[in-house]
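Chemist: turn this into a structure:
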Amino acid sequence: MTTLQIHNIETAPEESKGLLENSQKAYGMIPGLHGVLAGSPQTLTAYQTLHELFTKTSFNEDELTVVWQAINVEHACHYCVPAHTGIAKMMKVDDTITEALRNETPLEDSKLEALRTMTLTIVRNRGHVSQEDLNAFYAAGYGEQQVLEIILGLSQKVISNYTNHIANTPVDAPFQPFAWKK
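Modeler: Reported below is the predicted structural model:
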């Protein structure tokens, strides 16, 4: 099993200390992922910046959850699936959406399902999508902006999912009730 160090404010590189202090203030704890990412101040900064930018896209809370969780589940991230289950609960996302995403079953809402499908198409094909794929996405009510915003969300999730695979980051206590395995 591979691991990476999980830093706290005392052990983190100097440039990461303020970032971890911000995490502590925002979440009441330092999420394990942030502690790992603190080993590279630039990577922690990139992750936190991408997260903030993605939450400011045109997507609502349900749609943010669909993009995040579709990617987390596809990447089989033992840490991010439970974390985003808890986050979805905090964002008041309907549990049926979260459960469908965790179980890889189609979403009842056709527009959200089109978002899940496009997200997985982009992930699985490494960005190679057909015009038919785009047309189906557009027919569901989305546009070019949302294609680009999926890519933004994916860039955030690549950082977290891959880091957690290498670090074997333990699931934080608040998210342990939502443990998940592919």
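Chemist: which residue lies nearest the spatial centre of this protein?
Modeler: residue 68 (3.9 Å; CA atoms, centre = their mean).
Chemist: quick check: which element contains the spatially closest residue to that one that is not a sequence neighbour?
Modeler: Nearest residue to residue 68, sequence neighbours excluded (CB to CB, 6 or more residues apart in numbering): residue 84, at 5.0 Å. From N, CA and C alone the C-beta is placed, and that goes for glycine too. Residue 84 is located in helix 80-90, with elements delineated by DSSP states H and E.
Chemist: give me the residues contacting that helix.
Modeler: By CB atoms under 8 Å, 6 or more residues apart in numbering, the list of residues contacting helix 80-90 from outside reads 31, 33, 61, 65, 68-69, 72-73, 95, 97-98, 102, 157, 160-161, 164, 171-172, 174-180.
Chemist: longest single helix anywhere in the chain?
Modeler: Counting residues, the longest helix found in the chain (DSSP state H) is helix 144-167.
Chemist: quick check: buried residues in that one?
Modeler: Burial within helix 144-167, assessed by neighbour count using 16 or more other CB atoms under 10 Å, is assigned to 146-147, 149-150, 152-154, 156-157, 159-161, 163-164, 167.
Chemist: tell me what that helix is packed against?
Modeler: If contacts are counted by 3 or more CB pairs under 8 Å, 6 or more residues apart in numbering; DSSP states H and E, helix 144-167 sits against helix 32-37, helix 41-55, helix 61-74, helix 80-90, helix 110-124, helix 131-139.
Chemist: ok so, going back, check the offset of the helix holding residue 84 from the chain's centre.
Modeler: 9 Å (CA atoms, centre = their mean, to the nearest Å).
Chemist: can you give me the buried ones in it?
Modeler: So for helix 80-90, counting by 16+ other CB under 10 Å, buried means 80, 81, 82, 83, 84, 85, 86, 87, 88.
Chemist: show the model's pLDDT score for the last one.
Modeler: Per-residue pLDDT puts residue 88 at 98.
Chemist: do you know how far it is from residue 107?
Modeler: 13 Å (CB to CB, to the nearest Å).
Chemist: shared neighbours, those two?
Modeler: residue 97.
Chemist: which residues does the residue nearest to residue 162 when sequence neighbours are not counted contact?
Modeler: Counting by CB to CB, 6+ apart, residue 162 lies nearest to residue 75, which is 7.7 Å off, once chain neighbours are set aside. Residues in contact with residue 75 (CB under 8 Å, 6+ apart) are 123, 157, 161, 162, 165.
Chemist: ok, for residue 133, nearest residue in space, not its chain neighbours?
Modeler: Nearest to residue 133 is residue 121, by CB to CB, 6+ apart, at 5.3 Å.
Chemist: thanks a lot, catch you later.
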